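In: Quick one: sequence plus predicted model below, questions after.
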Amino acid sequence: MSLPRSAVVVGGNRTPFAKAGGAYAAASNLDLLTSALDGLVARFGLAGRELDEVAAGAVLKHARDFNLTREAVLSSALAPTTPAVDLQQACGTGLEAVVYIANKIALGQAEVGIGGGVDSASDAPIAVSEGLRRALLAANRAKTLPQRLRALSRIRPSQLAPVAPQVVEPRTGLSMGEHQARTTATWSISREAQDELAAASHHNLAAAWSSGFFDDLVTPYLGVTTDTILRADTSVEKLATLRPVFGDSMTAGNSTALTDGAAVVLLAAPDWAQRNGLPALARVVDAQVAAVDHPGGDDLLLAPAHAVATLLARNGMALSDFELYELHEAFASTVLATLAAWESAAFCSERLGLSAPLGPIDHDRLNITGSSLAAGHPFAATGARIVATAAKLLHERGGRARGLVSVCAAGGQGVVAILEAV
Amino acid sequence: MAGLLERAFTSRAGKALAGRFGLAEPPVLRRGRVLPDEPVVLASLANSTLAGDTLELLGVVSAVPLRDDDAELPAYPDRIGAIVVDACGLREVRQLEGLRAVLRPAVRALAGSGRVVLVADAEVTGVEANAVRQALDGINRTVGKELRHGATANLVYVAQGTAAPDLASTLSFLLEGRSAFVDGQSWTVSPARDPIPEPGQDEQRAPQRHDEPPAPLAGRIVVVTGAARGIGAQIATVAARDGATVVCVDIPAAGESLAALANRLHGTALQLDVTAPDAGERIAAHVATRYGADACIHGIVHNAGITRDKQLANTDAQRWAQVLEVNLAAELRINPVLLEGRPGGLADGGRIVAIASTSGIAGNRGQANYAASKAGVVGLVRAEAPQLAARGITVNAVAPGFIETDMTAKIPFVQREVFRRTNSLGQGGQPVDVAETIGYFLDPASAGVTGQVVRVCGQNLVGQ
């Protein structure tokens, strides 16, 4: 890649993540995103400053939140003249928003911006049925009372029930868990391996919290000071007692829980950071998106396996060239299936068109401060959580250490990126 | 929610009744950067010009004192706002008569929130001279107790060679509303190591516009620990008002209110437990990665503090250690790190401010651990100040008495009312009173004030 310059990650901030229906049950996406922004503004002294752009989004989004990010900027301590854009790419939203800002900075269209995301599974929108919606719209268009009554008379009692959002793929009618259960079976991912990955995620996240790692990455919100899903005392043995909910091995313990939270990342041109006396943790080297044909039978959540192959080829890198791997844990088996795909000669040859498999990775470099199984997964926020964490870890390592960030998303999509320590 | 007794007491009928028992509504104190509206009278008892020169430097026009020398007691035609008595050069007991003669008419005419400020020599030789020096303290403390309507008396001892620029910040602090809850106190001002820059001559300061409030800390970084709420938030707010760029520090769990404060003050938030072994390094690193590698701290205010009250008979090792760690050991560790000359460390000519307490000075039942930590702070200040004098760094402490905070609001009502009233001003202090005193220490013009402990207690009855 040869761009005029790279954007650097200055730092990040997020709310503690909370289990849906818990401490943030009454908080909206706007509240959560505003809180995450304000924590970032306070950490870097940006109160009253005009930034070039803020990009963020939410997966579960109310119609009234058509300008969610701009409204959050207006509620925040940033200058009200800071523009904002809403982006959405399912669970890839947060990372895609970071890439969007990083690209604008690389192209010289921006000097400094924020990328991030928010989701509240607690405050999810509930829609009316399609029949009721059409009848109400017709009544609204009606010019006379009889016309209006006629329109409303078409409403049937069955149409009055509200429609809650579902995590279901529209093309297949299968839930994400059901899709992943197929992938788990295809790749023969064992229950033990899944529980081990889940336990490691909790233990790594707990160790990071107790070492103060998150002191400059998280700002408390509504009295919540740490991630509420985290179970420091869990173990493979305890996880083994849970009964499967998808397939025969995927449990509530090795699948992410519905979560509320927001995360944001401050990105800047290197000289902007320097001029403003702010740090540069890591450079955004490159990014790639990919999609698979899940209606045609592809594994729904393995698009990152494809995106990484493209990204490595373009950057002349091998999969083993990274100090850190941050693979979003939608399910433990998603991470394990992705790793298995990279090790599979057949997959790498037939699906990625490679002469040799991408190979194994060093597990000691994988999600070393925990990931979504322990922290939770407020869909659009996850990418920004991971980028801020990875940038800090890489900066601690120094020496141009590189990290791979990967997030799978609904719709058979994946977003991946390379970060490099500054 | 106030208790039944408190609500009865604060009701209209309750207030009327309380008034009859001598518990009248306390006066509302003059606060902020405002001089008295009424004239400031200047009396020099032994031909010293120090106080007069200082008032002139401050642009305060002084009035001539009346003296009770004749058979008939003279009376000021109107209220006076303050009397400044320059007692430098007083060496003999008979000279104290001069002080009585100017104070008698003055205290009778003193306006609400008026000021009596005595200026006297810190170092004198000879038995009688030392007796006189100490006598002034007795007079000061007594006048403080006798004054009413929120008026205060304070005594400034000046070391040899102290000139008007050295004394100016102290005298303006004492005359203004900033010293509202400082009463009956005495402390010492010395010559500054380096000449104190006149306003506008300091290249680090933005040019001062006449129609804007003074911003003595403009362009300077001030770190406040325990800033998320209460007194700490007020210290940060006053420092920002005085122009400082404020680094607000508090434990990570307090991060939400800390962020709100930092954003309101256009400062930065640093989530940090000051008892962390690397707290000093992390403070310096924060400053260097927010304000550039060449940035230095002008002042650090060690405000973070906790209480774990129990009588000594019931105090276990954990309660003991927690309080001593946060209130004393943390700053003992942090100061040397910031003084190593690292990026983001404390600048030469900087300020270290600690928080002592009247509990540390006088002791307080149920607070052996807290008193240990706060008395320890006094010892720290007195020992560190001379060590850092050559670098122009001052080290001082405030010792708050009863201040109205969330913490003191938890004290049972009757006990709280007793604490509130047992001082010369008949009320509790406000967090801003502590903050203003700290602002006075932080002021670059206070370079001659070091090793001092100033009580902000309304002349509380306890202790020295």
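Out: Perfect, I can see it now. Just so it is clear, the model here is predicted, and its values are computed rather than measured.

In: Regarding the spatially closest residue to A:E111 that is not a sequence neighbour, what is its secondary structure?
Out: If the residues on either side of it in the chain are set aside, A:E111 comes closest to A:W272, at 4.4 Å by Cβ to Cβ, 6 or more residues apart in numbering or on different chains. For every residue, glycine as well, the C-beta is placed using N, CA and C. Per DSSP: H, G, I helix; E, B strand; the rest coil, the secondary structure class of A:W272 is helix.

In: Counting neighbours, what do you get for A:W272?
Out: Counted by other Cβ atoms under 10 Å in any protein chain shown, the residues lying close to A:W272 total 19.

In: B:N47 now?
Out: Summarising burial for B:N47: neighbours were counted as other Cβ under 10 Å, giving 8.

In: which residues does the closest residue in space to it that isn't next to it in sequence contact?
Out: In space, B:N47 comes closest to B:G89 once its chain neighbours are excluded; the distance is 6.4 Å by Cβ to Cβ, 6+ apart. For B:G89, the contacting residues are B:45-48, B:121, taking Cβ atoms under 8 Å, 6 or more residues apart in numbering or on different chains as the criterion.

In: switch to 7 Å and redo it
Out: B:G89 makes contacts with B:46-48, as judged by Cβ atoms under 7 Å, 6 or more residues apart in numbering or on different chains.

In: ok, now how distant is it from chain A?
Out: Distance check for B:G89 against chain A: by Cβ to the nearest Cβ, to the nearest Å, it reads 50 Å.

In: Which residue ranges of chain A form strands?
Out: Remark: strands of chain A, listed N- to C-terminal, are A:8-14, A:18-19, A:53-56, A:84-86, A:112-120, A:259-268, A:282-291, A:324-327, A:402-409, A:413-421; assignment by DSSP state E.

In: Reformat those as CSV; add distance to A:A207 and mean pLDDT.
Out: Conversion of the strands of chain A to CSV gives the following (distance: least, Cβ to Cβ, whole Å; pLDDT from 0 to 100):
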stretch, distance to A:A207, mean pLDDT
strand A:8-14, 18, 98
strand A:18-19, 20, 96
strand A:53-56, 29, 98
strand A:84-86, 36, 98
strand A:112-120, 25, 97
strand A:259-268, 20, 98
strand A:282-291, 22, 98
strand A:324-327, 16, 98
strand A:402-409, 19, 98
strand A:413-421, 21, 98
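
In: what's the closest of the ones you listed to B:Q318?
Out: When the strands of chain A are ranked by distance to B:Q318, counting by Cβ to Cβ, first place goes to strand A:18-19 at 30.3 Å.

In: and the closest one, what does it pack onto?
Out: Taking 3 or more Cβ pairs under 7 Å, 6 or more residues apart in numbering or on different chains; DSSP states H and E as the contact definition, the neighbouring helices and strands of strand A:18-19 are strand A:259-268.

In: what are the pairing partners of the strand ranked longest in chain B, and which direction each?
Out: Ranked by number of residues, the top strand in chain B under DSSP E is strand B:110-121. Using DSSP bridges, the strands paired with strand B:110-121 in its sheet are strand B:80-86 (parallel), strand B:152-158 (parallel).

In: I'd like the average pLDDT over the last one.
Out: In this model, strand B:152-158 has a mean pLDDT of 98.

In: same check, this time on stretch B:71-82
Out: For stretch B:71-82, the mean pLDDT works out to 95.

In: Quick check: end-to-end length of that stretch?
Out: Between the start and the finish of stretch B:71-82 there is a gap of 25 Å, counting by Cα to Cα, to the nearest Å.

In: just how off-centre is it within its chain?
Out: A distance of 30 Å separates the centroid of the chain from that of stretch B:71-82, by Cα atoms, centre = their mean, to the nearest Å.

In: buried stuff in it?
Out: If you call a residue buried by 16 or more other Cβ atoms under 10 Å in any protein chain shown, then stretch B:71-82 has these buried ones: B:76, B:80-82.

In: Looking at those residues, which one is closest to B:L217?
Out: Lowest distance from B:L217 to these (Cβ to Cβ) belongs to B:A82, with 25.5 Å.

In: In contact with the closest residue to that closest one other than its chain neighbours, which residues?
Out: Taking Cβ to Cβ, 6+ apart as the measure, B:A82 lies nearest to B:R115, with 3.7 Å between them; neighbours along the chain are not counted. Residues counted as contacts of B:R115 (Cβ under 7 Å, 6+ apart) are B:36, B:82, B:151-152, B:174-175.

In: repeat for B:L99
Out: If you count contacts by Cβ under 7 Å, 6+ apart, B:L99 has them with B:45, B:85, B:87, B:139.

In: low-scoring pLDDT stretches of the stretch 51-200 of chain A, where are they?
Out: Counting by pLDDT under 70, the stretch 51-200 of chain A has low-confidence residues at A:164-167.

In: which residue does it bring closest to chain B?
Out: Closest contact between the stretch 51-200 of chain A and chain B, by Cβ to the nearest Cβ, is at A:A77 (3.7 Å).

In: Would you mind measuring from that residue to A:T382?
Out: Using Cβ to Cβ, to the nearest Å, one obtains 25 Å as the distance from A:A77 to A:T382.

In: Those two: who's more crowded?
Out: For A:A77 versus A:T382, neighbours defined as other Cβ under 10 Å are more numerous around A:T382 (32 against 22).

In: The more buried one contacts A:S372, doesn't it?
Out: Yes. With contacts defined as Cβ atoms under 7 Å, A:T382 counts as touching A:S372 at a distance of 5.9 Å.

In: Now list whatever residues contact both of the two.
Out: Shared contacts of A:T382 and A:S372, defined by Cβ under 7 Å, 6+ apart, are found at A:H328.
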